[in-house]
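Asks: pasting a predicted model and its sequence here:
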Amino acid sequence: MFKKKAMEEELKYFLDKLLIQDVRKLIDNEQEYVALIIMAQSIETLGAFLDAKPFRAKAQSKKRFNLALKKLFTYKYRKANDKFFLYDKLRNHIAHILIPSARVELIDSTSQAKHMDVTSGTLYISIEDFYTDVKSATEQLIAMINNGELKYKRLDLSKVKI
């Protein structure tokens, strides 16, 4: 029991450090693009905690991405993912070539477009809003681990230096 608890603590620390603290530092240091890459991939990672399969289960990316959107993110993300648009144009493009689709546009606070709006086939993303939403989703997941709402899954972080 003690080992499991220690591993859960390590896992929560990893999530908090990588998806909240480190992404914030990237944004603050004007590394928004690297932050975007991590946040886009984090949606699937968060979803991996929510299903009953092992972390390394094959062919689960779309299911896990959608599960995270359903359970941890607001409706605007599910709406933006209509016909798997967000999954394909953001996650897949970044996962495979480190570049979002040309149909994804990063916006700032001066833009007329709104975060997670899809207009004329273009998805608009505000890094600050995306960070706020990923942070909230990560905090929800950590709370679920704390409350015992999730079945524990072993994830070896021994080689990860955080």
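Replies: Good, I have the coordinates.
Asks: CA atoms for contacts and neighbours, from now on please.
Replies: Noted.
Asks: how many neighbouring residues does Phe155 have?
Replies: To be clear, residue 155 is Leu; Phe isn't right here. Number of residues near Leu155 (other C-alpha atoms under 10 Å) recorded here: 13.
Asks: list the contacts of it.
Replies: Leu155 makes contact with Leu11, Phe55, according to C-alpha atoms under 8 Å, 6 or more residues apart in numbering.
Asks: could you measure from it over to Ala57?
Replies: According to C-alpha to C-alpha, to the nearest Å, Leu155 stands 12 Å off from Ala57.
Asks: what do you get for Lys4?
Replies: According to C-alpha to C-alpha, Lys4 stands 21 Å off from Ala57.
Asks: contacting residues around stretch 86-102?
Replies: In this structure, residues lying in contact with stretch 86-102 by C-alpha under 8 Å, 6+ apart are Ile37, Ala40, Gln41, Lys62, Phe65, Tyr77, Ala80, Asn81, Arg103, Val104, Leu123.
Asks: pLDDT at the first one, what is it?
Replies: With respect to pLDDT, Ile37 has a value of 95.
Asks: contact partners of whatever helix or strand it lives in?
Replies: Take DSSP states H and E as the rule and Ile37 turns out to sit in helix 32-50. Here helix 32-50 makes contact (C-alpha under 8 Å, 6+ apart) with 19, 23-24, 26-27, 55, 61-69, 90-91, 94-95, 98, 127, 130-131, 134, 137-138, 141, 150, 153.
Asks: now the buried members of those residues.
Replies: 19, 23-24, 27, 61, 64-69, 90-91, 94, 127, 130-131, 134, 137-138, 141, 150, 153 (16 or more other C-alpha atoms under 10 Å).
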